[in-house]
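Visitor: I need the structure of the sequence given here:
(one chain, ligands or ions: 1)
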Amino acid sequence: MRAQIIGTGSYVPETVLTNADIAKRIDTTDHWIVERTGVRERRIAAKDEATSDLAYKAALQALESAEVLPKDIDLILVATATPDMFFPSTACIVQDKLKAVNAAAFDLSAACSGFLYALSVGEQYIRSGTYRKVLVIGAEVMSRLTDWTDRRTCILFGDAAGAVLLSAAHPHDGILSIHLHSDGSLWDLICVPGGGTAIPPSEKVLMEHLNTIKMKGNETFKVAVRSLGEVALEALQANGLHPSDVDHLIPHQANLRIIHAVLTRLHMSKGKVVVNLDKYGNTSAASIPLALDEAVRDGRIKKKDLLLFLAFGGGLTWASALVRW
Ligand code: COA
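Guide: Numbers count the residues shown, from 1 in each chain. Predicted coordinates for the structure are as follows:
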């Protein structure tokens with residue numbers, strides 16, 4: 001038995017923050033940001049919106065598109081680096097909002113690779129026959145972890161949520177494989193050092209902005225290009241497929257230059273890649289399901305198409321998934 005995505009959904013907050021808006025606050029320009037990253041604008045959650053609110057709205061859409069009721073969900077997985085609270089899990093809060101009374105619920109943390117990590121967990125529960133309907137959500141309010149005085153990072157991120165509903169599939173369709181990797185020795189390339197148990201909240205943490213994203217951009221960039229290329233080929237080889245067999249590449253939306261470098265490595269044309277980072281920036285665990293939902297709703301993705309998902313993020317973590325739609 002394989003797991004198949006039978007519904008997709010997404011949600012982005014209303015407020016749009018453009019590059020020009022950021023250039024009013026710090027020393028940067030729209031030209032620099034577009035040239036170095038591809039991002040033109042991003043969404044920012046309202047003051048009273050938490051990650052679970054975004055996740056809930058994306059989940060509702062996924063359930064609607066799959067025509068499945070909340071009471072029929074067996075498991076809710078939320079991939080997030082920006083949970084509502086340390087505990088309970090954001091997944092439990094989403095469960096309450098959905099009234100998915102029969103579901104188990106937990107969060108999973110793998111930063112920007114979180115969605116594919118969560119998808120792999122959901123897939124295993126379906127494959128084993130333990131659960132029939134699994135809701136997998138990637139949701140982030142990155143703006144709350146952003147240092148708005150740091151021009152190297154504040155231009156990159158945005159807030160969003162994406163969701164998919166998994167169900168059992170015909171053995172030839174659905175999720176063909178998922179490959180996950182981590183290299184914990186590179187944890188400090190991108191992290192939020194303060195505010196947890198290592199460096200608990202204090203005046204110093206706030207003064208030095210240690211509760212916000214710290215990133216070694218150049219090094220992260222290089223590892224991202226290498227590992228995304230490798231994990232893409234690993235997925236294709238494991239299934240006896242070639243890059244030319246892929247109909248749609250749906251990569252984590254971190255930086256357009258990273259995406260183009262990966263396309264070059266795979267000898268794939270730009271026409272095959274789903275890109276929406278110009279509108280939303282890097283939405284971490286939300287980026288892949290958000291891009292997927294957009295491409296499903298605008299009719300780009302057709303039945304039997306071969307989809308290759310690629311993710312990369314803090315940890316470091318990286319992953320791929322091949323899906324026959
Ligand atoms: N506006 C204008 N100038 C900026 C700037 C900004 N927003 N941010 C940095 N600069 C400047 C730097 O200060 C530096 O100037 P200097 O040489 O005088 O010191 C110069 O631009 C080059 O900085 P650098 O950090 O080397 O730029 P870069 O080409 O590596 O681009 C990133 C920076 C962050 C866009 C790029 O490294 C990147 O995207 N890395 C990957 C990050 C990522 O994807 N992380 C998430 C992974 S999930």
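Visitor: Run a quick neighbour tally on residue 242.
Guide: Neighbourhood size, residue 242 [other CB atoms under 10 Å]: 12. Backbone N, C-alpha and C define where each C-beta goes, glycine included.
Visitor: Those residues of the stretch 51-200 of the chain touching the ligand, which are they?
Guide: Selection of the stretch 51-200 of the chain residues close to the ligand by CB under 6 Å from any ligand atom yields 112, 151, 152, 155, 190.
Visitor: do that again at 8 Å, thanks
Guide: 111, 112, 151, 152, 153, 154, 155, 156, 190 (CB under 8 Å from any ligand atom).
Visitor: So the fifth one, which state does it fall into?
Guide: Which is residue 153. Recorded secondary structure, residue 153: coil (DSSP: H, G, I helix; E, B strand; the rest coil).
Visitor: For it, list the residues it contacts.
Guide: 146, 147, 212, 213, 214, 215, 217 (CB atoms under 8 Å, 6 or more residues apart in numbering).
Visitor: Over stretch 57-76, what's the mean pLDDT, rounded is fine.
Guide: Computed over stretch 57-76, the mean pLDDT rounds to 98.
Visitor: Start and end of it, how far apart?
Guide: Taking CA to CA, to the nearest Å, the first and last residues of stretch 57-76 lie 14 Å apart.
Visitor: Also stretch 240-257?
Guide: 28 Å.
Visitor: what residue lies at the spatial centre of the protein?
Guide: residue 285 (2.5 Å; CA atoms, centre = their mean).
Visitor: so that residue touches residue 136, yeah?
Guide: No - if you go by CB atoms under 8 Å, residue 285 and residue 136 don't touch, sitting 10.1 Å apart.
Visitor: what do those two both touch?
Guide: 79, 115, 118.
Visitor: Okay, the second one and the ligand: tell me how far apart.
Guide: For residue 115, the distance to the ligand (CB to the nearest ligand atom, to the nearest Å) stands at 12 Å.
Visitor: Then the last one?
Guide: Separation of residue 118 from the ligand (CB to the nearest ligand atom) stands at 16 Å.
Visitor: List the contacts of the host helix or strand of that residue.
Guide: Applying DSSP states H and E as the criterion places residue 118 in helix 114-127. Applying CB under 8 Å, 6+ apart, the contact partners of helix 114-127 are 1-3, 74-75, 77-81, 108, 110, 131-132, 134-138, 162, 164, 166-168, 175, 178, 180, 284-289, 309, 311, 313, 317, 319-321.
Visitor: For the residue in the chain positioned nearest to the ligand, grab the count of nearby residues.
Guide: Residue nearest to the ligand within the chain (CB to the nearest ligand atom): residue 217, separated by 2.8 Å. Using other CB under 10 Å, residue 217 has 15 neighbouring residues.
Visitor: hang on, it packs against residue 152?
Guide: Yes - Residue 217 is within contact range of residue 152, at 5.7 Å (criterion: CB under 8 Å).
Visitor: Just the mean pLDDT for the helix or strand hosting residue 22, thanks.
Guide: Per DSSP H and E, residue 22 falls inside helix 19-25. Taken as a whole, helix 19-25 has a mean pLDDT of 97.
Visitor: can you pull the buried residues of that helix?
Guide: In terms of neighbour count (16 or more other CB atoms under 10 Å), helix 19-25 has its buried residues at 19, 22, 23.
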